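Visitor: how would this look folded up:
(2 chains)
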Amino acid sequence: MVKNNQPKIIVILGQTSAGKSDLSVKIAKKISGEIISADSRQVYKGLDIGTGKITKKEMRGVPHHLLDVANPKKKFTVVEYQKLAISAMADIVKRNKTPIICGGTGFYIDAVTKGIIFPEVPPNLKLRKVLEKKSVKELFQILKKLDLRRANNIDKNNKVRLIRAIEILKVLGKVPVVKTTPPPYKFIKIGLYLPEDLLKKKIEKRLLVRIRAGMLNEAKRLHGQGLSYSRMEELGLEYRFMALYLQNKITKQEMLKRLNSEIYKYAKRQITWFKRDKDIKWFDSSKMKLNDIIKTL
RNA sequence: GCGUCGGUGGUAGAGUGGUCAAUUACAACAGACUGUAAAUCUGUCGCCUCCGGGCUACGAAGGUUCGAAUCCUUCCCGACGCA
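Guide: Numbers count the residues shown, from 1 in each chain, chains lettered A, B, ... in the order given. Okay, here's the model as predicted:
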């Protein structure tokens, strides 16, 4: 299949703290692009310092999409992201600019670049609440009775997945097999990573910078505006451990220590995800030159 | 110097005669992932292995015992107490 006439879309992905935002802005400046964020936490309004959200100044006039599009009190999901990203891409292309997807949320990136078709079953909070009380064993038994095929390939210890599978079953009768229909674009994927030792140092340094920038005040303010601590814990990493600290469940030192190690683990999980995608061209962020990357585009 | 308590795998810390290569937690490493994805979940984690098992291990050296991380003796180290 010849796809050369398809509009080009650049994807900058990789580990947290590898310098994706910065690179994206530079590329956007060079080729007149617009950036679409692919970050599951930066979509939320008010989660700024803790997510390392790019500032107005750092944007250097380059338009950014899909930042601040959701209320942190409510759950935002891949499907919403997918819809918004697809229309953002279309819009940018229509204006003869190049979309640059930039972010570290692999699932979101795959949802739009591979065109994953999700079952038309929105979350059912009521049902989830009921199922939440059951054990994984019970949930697995329910699933097994309703859809053997899905039961056989599901991770039977993963409550979140079990609940979602049952949720789909209640509506569709069975869980559909996964399908994808790639959107009509040519995606060029650039992956950024850092060598282990540099990554660790960068994470530690960045955490201190965030603290100094008032990350804790941000968390306090969000809580003051009605963002519950349990919701903050669910948001993960910075927000999770700040919530624990602000509730006096851990000391400040524990918070910092655990954050450093959790963020590092997260960075590794990101790599595990992206490894599967053979289309990604990888660059060591500590050595790469802008021109080397521009050449591959 | 005397006395007491302790020395366990990368760390913390269980185990106090056999079912112990040693519970568990953390760290480390690998992986999964289809409407929570910064979430959620899984595996490995002394060495070797034809995956049956083999070998070396619980401060050191001896000893008791069919059998010791576990009991005894001496030594080394640490904490506390008395001098």
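
Visitor: closest point of the stretch 151-297 of chain A to RNA strand B, which residue?
Guide: The stretch 151-297 of chain A approaches RNA strand B most closely through A:G236 (1.9 Å), counting by CB to the nearest atom of the strand. C-betas here are computed from N, CA, C, even on glycine.

Visitor: hang on, that residue packs against A:S40?
Guide: No. Between A:G236 and A:S40 there is no contact under CB atoms under 8 Å: 9.2 Å.

Visitor: who's more crowded, those two?
Guide: Set A:G236 next to A:S40 and count neighbours by other CB atoms under 10 Å: A:S40 wins out with 21 against 15.

Visitor: RNA strand B contacts on the stretch 1-150 of chain A?
Guide: Residues of the stretch 1-150 of chain A lying close to RNA strand B (CB under 7 Å from any atom of the strand) are A:39-42, A:47, A:50-52, A:75-80, A:104-108, A:116-123, A:128.

Visitor: okay, and which of the residues you listed map to strands?
Guide: In strands, judged by DSSP state E, the following of these are found: A:I116, A:I117.

Visitor: is A:L143 in a helix, a strand, or coil?
Guide: At A:L143, secondary structure determined by DSSP: H, G, I helix; E, B strand; the rest coil is helix.

Visitor: could you say which helix or strand holds the closest residue to it other than its chain neighbours?
Guide: Ranked by CB to CB, 6 or more residues apart in numbering and with sequence neighbours excluded, the top spatial neighbour of A:L143 is A:A151, at 4.8 Å. Using DSSP states H and E, A:A151 sits within helix A:148-153.

Visitor: which SSE is immediately downstream of that helix?
Guide: Downstream of helix A:148-153, the first helix or strand assigned by DSSP H and E is helix A:159-172.

Visitor: sheet partners, orientation included, of the helix or strand following that next one?
Guide: Scanning forward in sequence from helix A:159-172 by DSSP H and E, the next helix or strand is strand A:179-180. Here strand A:179-180 has these sheet partners by DSSP bridges: strand A:116-117 (antiparallel).

Visitor: need the contact partners of the partner strand.
Guide: Contacts to strand A:116-117, defined as CB atoms under 8 Å, 6 or more residues apart in numbering, come from residues A:Q82, A:D110, A:V178, A:K179, A:T180, A:T181.
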